[in-house]
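Colleague: Return a 3D structure for these sequence lines:
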Amino acid sequence: MIGTLGSNIVFRVSDSYALTFNGMTRDVTSRWAVHETPGIKPKPEFLGPGLQTISLPITLSASLGVRPRSVLESIEQMVENGEAEYFILGNRPVGANRFRITGASETWDLIYNKGELARASLTITLEEYT
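Modeller: All right, here's what the predicted structure looks like:
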């Protein structure tokens with residue numbers, strides 16, 4: 001097992017199944033206020049940490065044992081229900097808090113006869129939830 005996003009999405013690879021991601025990006029930010037005073041340089045003030053964000057590009061392929069439409073429906077449900085889950089990689093959480101999926105962008109790459117989705121590209125955007 002590679003990791004999980006809650007109990008719905010399990011990233012793993014085996015002889016007959018591969019659900020994983022490639023090119024994950026994570027942004028860790030801080031929050032600052034800038035106080036303007038006439039005649040002198042602005043003074044920045046640290047307010048605290050910002051919310052972390054993660055972008056996960058995922059390929060869903062029936063040839064790798066994944067049911068693309070089922071995964072897309074699970075992600076859609078998580079987005080529309082506002083679920084916040086821990087993102088676990090290698091038995092360790094990413095960040096200290098749960099993440100919510102703020103968006104999911106789908107590309108249906110390969111569709112077979114009768115509308116069966118065989119391969120899709122998916123990018124999910126996660127934002128830290130405190």
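Colleague: List the residues that contact His5.
Modeller: You called it His, but residue 5 is Leu. 11, 78, 85-88, 99, 126 (CB atoms under 8 Å, 6 or more residues apart in numbering). For glycine as for every other residue, the C-beta is placed from the backbone atoms N, C-alpha and C.
Colleague: what bridges to it?
Modeller: Beta-bridge pairing of Leu5 under DSSP bridges involves Ile9, Phe87.
Colleague: count of neighbours near the residue nearest to Leu72 when sequence neighbours are not counted?
Modeller: Residue nearest to Leu72 in three dimensions, not counting chain neighbours: Glu106, with 6.0 Å by CB to CB, 6 or more residues apart in numbering. For Glu106, the count of nearby residues is 17 (other CB atoms under 10 Å).
Colleague: how close does Ile101 sit to Gln77?
Modeller: Using CB to CB, to the nearest Å, Ile101 is found at 10 Å from Gln77.
Colleague: joint contacts of those two?
Modeller: Counting by CB under 8 Å, 6+ apart, the residues touching both Ile101 and Gln77 are Glu83.
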